[in-house]
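sequence unknown, structure follows:
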């Protein structure tokens, strides 16, 4: 009886092809995320400076308790009311499940391609 995962049983040509497609898609996604992260960093920094100036000159007041509550609600992935190690374990388990239930070679190629695409400078 064979107990190896189905991804290992794929012929080597199919694994290489899946890794190649995953790598190409990962590279494109990495380049896109790099561009978006650069632009969003500039926008977030500008917004922070602008809001800080408005607070300093008493045009607005910021309810920091509400901001903190909203951000913690967003980061509380398992909805237990606090952000802790169980949230990390929750997302790690979901990621591992996704990798096991899908094509491992494609995700390996995607990860490598994403890293190369994200680090590349044009």
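On my side now, so go ahead. Note that the coordinates shown come from a computational prediction; the quantities given were computed from them, not determined experimentally.

Name all residues that make contact with the closest residue to residue 33 other than its chain neighbours.
Once flanking residues are discounted, residue 33 sits nearest to residue 118: 6.0 Å by CB to CB, 6 or more residues apart in numbering. Using the backbone N, CA and C atoms, a C-beta is placed for each residue, glycine as well. Counting by CB atoms under 8 Å, 6 or more residues apart in numbering, residue 118 touches 30, 31, 33, 34.

Tell me the spacing between the third one and residue 48.
If you measure residue 33 against residue 48 using CB to CB, to the nearest Å, the figure is 21 Å.

More neighbours: these two, which one.
Ranked by neighbour count (other CB atoms under 10 Å), residue 33 and residue 48 place residue 33 first, with 13 against 10.

so residue 60, which of the three states?
Applying DSSP: H, G, I helix; E, B strand; the rest coil to residue 60 yields a three-state assignment of coil.

Touching, residue 61 and residue 55? I think so.
Yes. When contacts are counted by CB atoms under 8 Å, residue 61 is listed as touching residue 55 (6.9 Å).

of those two, who's got more company?
Remark: of residue 61 and residue 55, residue 55 carries more neighbours, 12 against 8, as counted by other CB under 10 Å.

And whichever strand or helix holds that one, how far out from the chain middle?
If you go by DSSP states H and E, residue 55 is part of helix 12-56. On the basis of CA atoms, centre = their mean, to the nearest Å, helix 12-56 sits 9 Å off its chain's mean C-alpha point.

Which elements pack onto that helix?
helix 104-119 (3 or more CB pairs under 8 Å, 6 or more residues apart in numbering; DSSP states H and E).

by how many degrees do the helix it packs on and helix 12-56 diverge?
40 degrees (axes from the mean of the first three to the mean of the last three CA atoms, to 10 degrees).

From residue 108, how far off is the residue positioned nearest the centre of the chain?
Centroid-nearest residue in the chain: residue 33, 9.5 Å away (criterion: CA atoms, centre = their mean). As judged by CB to CB, residue 33 and residue 108 stand 18 Å apart.
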